[in-house]
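A.B. asks: Provided below are the primary sequence and the corresponding predicted coordinates.
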Amino acid sequence: MAVVRYREALNQALREEMQRDERVIVMGEDIGVFHGAYKVTAGLLEEFGEARVRDTPISENTIVGMGVGAAMTGIRPVVELMTINFSLLAYDQIVNHAAHIRYMFGGQVAVPLVVRMPQGAGHQLGPTHSHSFEALYLHVPGLLVAVPSTAADAKGLLKAAIRDDNPVVFIEHEYLYGQRGDVPEDGDHVVRFGEAAVRRSGDDVTIVGISRMAVTAERAAATLADEHGVSAEVIDPRTLRPLDLDTILASVAKTNRCVVVEEGWPHGGVGANLAALIQEQAFDDLDAPIVRVTGADVPMPYSKPLEQIAFPHEPQVVEAALATLREV
Amino acid sequence: MATTSAASKRRSEAPPPLPEPGVAREWLETMVLIRRFEERAGEMYAKAKIGGFLHLAIGEEATIVGAVRAMRERDYLISTYRSHGHALARGTSADAVMAELFGKQDGCSHGRGGSMHMFDLERRFMGGYGIVGGNLPIAAGFGLSSDLLGTDDVTVCMFGDGASNQGTFGETMNLAALWKLPVVFMVTNNQFGMGTALARHSAVTDLQRKGESFGVPGTRCDGMDVLDTHRVLSEAIRRAREERQPVLVEAITYRFRGHSMADPEDYRTKEQVAEWRKRDPIELFSKRLVEEGVLDEDAVRALDEAAVARIDEAVAFADASPFPAPESLYDDVYVLGDQVRGWYSVDERSPEPHKGEDERGMDRAALAGADEYERHAGGGREPRPADEAQGTA
């Protein structure tokens, strides 16, 4: 194990997979000479050269579409988009083509493409650079969706994504890039998709945290234990498609209560989806309504105090967990 | 109409020489096959054998055959939602294309794509695409693969005049030129983006010029003339292959039928259509072949009858092919391998909890919507009066 930052873990994954398979290329805006807006691709151009590390013009829809075409014909492209908001310019290629080509052409081709991008609020980037859109991608059959919250998962899931034959939307988080964590040095440290991580065991309430909110949920669980005598179990699904619903259901069967925490908007969100699945599958296990803690239902404001109340923090998660435990 | 006069001017030049008689004959056969296929598809649509949208390429056959015959087998072809003929020219059987239109399992996309989404990987026909302009970036991706894999495979990307206004057009021209990708972009200018005339949708109507500012030189061919199309495409493909220079080719053409089957054609006059029909690419080419003694009138007629017979077979094949099995609904959404864990798809059509991909193991009768499936598929029964009524609707 070595302690590295989340961005370095991603960088290791890219480097190792490029060393392992020469079909793997990376492309995106300012990923080469500039080393990436968040420095995730630092050093790759120097090591692998311009053919495999390609700075692109600012043309999101086209660079993703080129990734689709290259993936259909023998290359394994990893496309970086600077933020998830910009991925909306490429939503056509991601949904109409990356996700659907295999199906609409009767299974004749696969699209082994990875589209990586960060999301998240907290840096005062305002309404076009701060959102969390995992729900938009979770919605689409044909895509796999990863939301790593630790350095080890960032590395292991990215390696799995690059090796997978399906198109993967790989959602990083701007806040997490600087966070440190233990990362296995094993070159085959691969985290399989569809395996949730139980971050903390507990008996009273299940808290499911998505992306950065898995970290927030862990802090809330510590507070719940220290200050309220509540034993919370924290689950990080790590991938939303495929979804390890079984681990979540097993936890709910034990705790009989569930809180889902996400940074995105409430309507049609990940929590809305999970609440529906859990009540369908485990209605009899529930002793309280499932509670969602989400980002505010507004475009992300710039002003710091406003921005801070527009996405979830530890106290809201603590409050939500306690609410599930109150006598009705 | 500047475009017609440009095409006429070309015609006044010495006509391109004919290829070898056998080759010339095959080009005519393929154009006739496409024409007869499209006509029959229109009839089958009227009989409700074909659903959804149906865009016919009648009048545009020379753009297809002239271009495809300039390609090598290993070159990639990518096209639009008007691509039955492209698949046929590439060698996909009329059976598989008709069966796809019928939504059958033996269709070239196994009934998942329909008219707008033909595909044949084996013949490197890399798809028809329903999003206008959506195929251009993908074509550039094929070019990138050729580059990275060190092959000299060229990609020919066809799209319509309407697509030249999409953002992906400029983005892809720029990237293809910047990265020197071996791609020929062929804009089939059939004078209308759906029902909007060229001069009403594009400030620059000389479409071959639209790539210039991005570093993609343009050229033009008479898309009603298979020889001229072949000549210009051959040179464009050579430049892409040997010089790694992407080229934009504008093929001047016209579709004789409406944009789709649901097109009252209020946006053009009967006189204009009649004028263009005088330049029917099949009539022009067969006339030339007769004039030069390659074929006689009887041979042309026999060739046409053979095409009609071939389409008869295709219709019979498509009719006999089964609909995709209901338990195949979730097939090929994902590549499922050893990595499978968790829930990929969720089937919310039934109250019983199960993952969508589990459907493969289910009893057919237990599927949600099984009755409706049987109603549409016929369930192997004799056609019922209701089916006939649907056919005359």
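C.D. replies: Nice, thanks for sending it over. Numbers count the residues shown, from 1 in each chain, chains lettered A, B, ... in the order given.
A.B. asks: Go ahead and confirm A:I210 touches A:V261.
C.D. replies: Yes. In this structure, A:I210 is within contact of A:V261 by Cβ atoms under 8 Å, at 6.8 Å. (Each C-beta comes from the backbone N, C-alpha and C, glycine too.)
A.B. asks: what sits in contact with each of the two?
C.D. replies: Both A:I210 and A:V261 are in contact with A:G271, where contact means Cβ atoms under 8 Å, 6 or more residues apart in numbering or on different chains.
A.B. asks: Now A:P118: closest residue in space that isn't a chain neighbour?
C.D. replies: Spatial nearest neighbour of A:P118, excluding adjacent residues (Cβ to Cβ, 6 or more residues apart in numbering or on different chains): A:E172 at 4.3 Å.
A.B. asks: May I have the strands that pair with the host helix or strand of that neighbour, each with its orientation?
C.D. replies: Secondary structure assigned from DSSP states H and E places A:E172 in strand A:168-173. Sheet pairing here is set by DSSP bridges, and for strand A:168-173 it gives strand A:114-119 (parallel), strand A:144-146 (parallel).
A.B. asks: would you turn those strands into a markdown table with mean neighbour count?
C.D. replies: Output for the strands paired with strand A:168-173, formatted as a markdown table (neighbours: other Cβ atoms under 10 Å in any protein chain shown):
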| stretch | mean neighbour count |
| --- | --- |
| strand A:114-119 | 26 |
| strand A:144-146 | 26 |
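A.B. asks: Mean pLDDT added to the ones you listed, as CSV?
C.D. replies: Listed next are these as CSV, based on pLDDT from 0 to 100:
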stretch, mean pLDDT
strand A:114-119, 98
strand A:144-146, 97
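A.B. asks: Tell me who's in contact with the residue in chain A that chain B sits nearest to.
C.D. replies: Here chain A gets closest to chain B at one residue, A:G69, 2.0 Å apart by Cβ to the nearest Cβ. Going by Cβ under 8 Å, 6+ apart, A:G69 touches B:126, B:137-145.
A.B. asks: after the helix or strand harbouring it comes which helix or strand?
C.D. replies: Using DSSP H and E, A:G69 maps to helix A:60-72. Counting by DSSP H and E, the element after helix A:60-72 in chain order, helix or strand, is strand A:76-80.
A.B. asks: Identify the residues contacting that following strand?
C.D. replies: Applying Cβ under 8 Å, 6+ apart, the contact partners of strand A:76-80 are A:14, A:21, A:23-29, A:31, A:36, A:40-41, A:63-64, A:66-67, A:70-71, A:112-117, A:162, B:141.
A.B. asks: okay, the angle between it and strand A:114-119?
C.D. replies: For strand A:76-80 against strand A:114-119, the angle by axes from the mean of the first three to the mean of the last three Cα atoms, to 10 degrees is 20 degrees.
A.B. asks: Strand A:76-80 - what's its average pLDDT?
C.D. replies: Strand A:76-80 comes out with an average pLDDT of 98.
A.B. asks: likewise stretch A:214-228?
C.D. replies: Mean predicted confidence for stretch A:214-228 is 98.
A.B. asks: Quick check: closest non-adjacent residue to A:V3.
C.D. replies: Distances taken as Cβ to Cβ, 6+ apart place A:R180 nearest to A:V3, at 5.3 Å, with adjacent residues excluded.
A.B. asks: For that neighbour, list each beta-bridge partner.
C.D. replies: Going by DSSP bridges, A:R180 is paired in beta bridges with A:R5.
A.B. asks: What is the burial count for it?
C.D. replies: A:R180: 13 surrounding residues under other Cβ atoms under 10 Å in any protein chain shown.
A.B. asks: so who does it touch?
C.D. replies: Here A:R180 is in contact with A:3-6, A:151 (Cβ under 8 Å, 6+ apart).
A.B. asks: Quick one, which of these are buried?
C.D. replies: Using 16 or more other Cβ atoms under 10 Å in any protein chain shown as the burial test, the contacts of A:R180 include A:4-6, A:151 as buried.
A.B. asks: Can you pull the phi and psi angles for the residue nearest the centre of chain A?
C.D. replies: Taking Cα atoms, centre = their mean, the centroid of chain A lies closest to A:V147, which sits 1.5 Å from it. Dihedral pair for A:V147: phi -130, psi 70, per degrees, to the nearest 10.
A.B. asks: Pretty sure B:V97 sits in a strand.
C.D. replies: No. Assessed with DSSP: H, G, I helix; E, B strand; the rest coil, B:V97 is helix; it does not lie in a strand.
A.B. asks: ok, for the residue nearest to the centre of chain A, nearest residue in space, not its chain neighbours?
C.D. replies: Going by Cβ to Cβ, 6+ apart, A:V147 has A:S211 as its nearest residue, at 4.3 Å.
A.B. asks: Please report how far that neighbour lies from A:L89.
C.D. replies: Separation of A:S211 from A:L89 (Cβ to Cβ, to the nearest Å): 21 Å.
A.B. asks: now the strands paired with strand A:168-173 in JSON lines, with distance to A:L325?
C.D. replies: Listed next are the strands paired with strand A:168-173 as JSON lines, based on distance: least, Cβ to Cβ, whole Å:
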{"stretch": "strand A:114-119", "distance to A:L325": "31"}
{"stretch": "strand A:144-146", "distance to A:L325": "31"}
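A.B. asks: How are the helices of the stretch 201-350 of chain B distributed by residue range?
C.D. replies: Using DSSP state H, counting those that start in this stretch, the helices of the stretch 201-350 of chain B run over B:226-243, B:270-277, B:281-291, B:297-320.
A.B. asks: quick one, domains of the chain?
C.D. replies: No chain specified, so I'll use chain A. Listed domain ranges for chain A are A:2-183, A:197-325 (source: automatic domain parsing).
A.B. asks: The chain in question should be chain B.
C.D. replies: Domain segmentation of chain B under automatic domain parsing yields B:2-320, B:328-392.
A.B. asks: Now the weakest link among those, please, by mean pLDDT.
C.D. replies: Lowest mean pLDDT within those: domain B:328-392, at a mean of 64.
A.B. asks: now the strands for the stretch 1-150 of chain B?
C.D. replies: Taking DSSP state E, counting those that start in this stretch to define them, one finds strands in the stretch 1-150 of chain B at B:76-78.
A.B. asks: what about the stretch 201-328 of chain A, any weak spots by pLDDT?
C.D. replies: A:327-328 (pLDDT under 70).
A.B. asks: which residues in it form strands?
C.D. replies: Here the stretch 201-328 of chain A has its strands, by DSSP E, counting those that start in this stretch, at A:205-209, A:232-236, A:239-241, A:258-261, A:291-293.
A.B. asks: Could you dump the ones you listed into a markdown table and include mean neighbour count and distance to chain B?
C.D. replies: As requested, these are exported to a markdown table (neighbours: other Cβ atoms under 10 Å in any protein chain shown; distance: least, Cβ to the nearest Cβ, whole Å):
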| stretch | mean neighbour count | distance to chain B |
| --- | --- | --- |
| strand A:205-209 | 30 | 14 |
| strand A:232-236 | 27 | 13 |
| strand A:239-241 | 28 | 6 |
| strand A:258-261 | 29 | 16 |
| strand A:291-293 | 22 | 19 |
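A.B. asks: Let me see the ranges of the helices in the stretch 1-150 of chain A.
C.D. replies: Counting by DSSP H, counting those that start in this stretch, the helices of the stretch 1-150 of chain A are A:6-20, A:44-48, A:60-72, A:91, A:101-104, A:134-138.
A.B. asks: same question, the stretch 51-200 of chain B
C.D. replies: Listed in chain order, the helices of the stretch 51-200 of chain B (DSSP H, counting those that start in this stretch) span B:61-68, B:84-90, B:94-101, B:135-149, B:167-178, B:198-201.
A.B. asks: which one of the ones you listed lies closest to A:L10?
C.D. replies: Proximity to A:L10 (Cβ to Cβ) singles out helix B:135-149 among the helices of the stretch 51-200 of chain B, at 22.6 Å.
A.B. asks: Sort out which residues of that closest one are buried, please.
C.D. replies: Across helix B:135-149, burial judged by 16+ other Cβ under 10 Å covers B:135-148.
A.B. asks: now swap in stretch B:204-224 and tell me
C.D. replies: By 16+ other Cβ under 10 Å, the buried positions in stretch B:204-224 come out as B:205, B:207-208, B:210-211, B:214, B:216-218, B:220-224.
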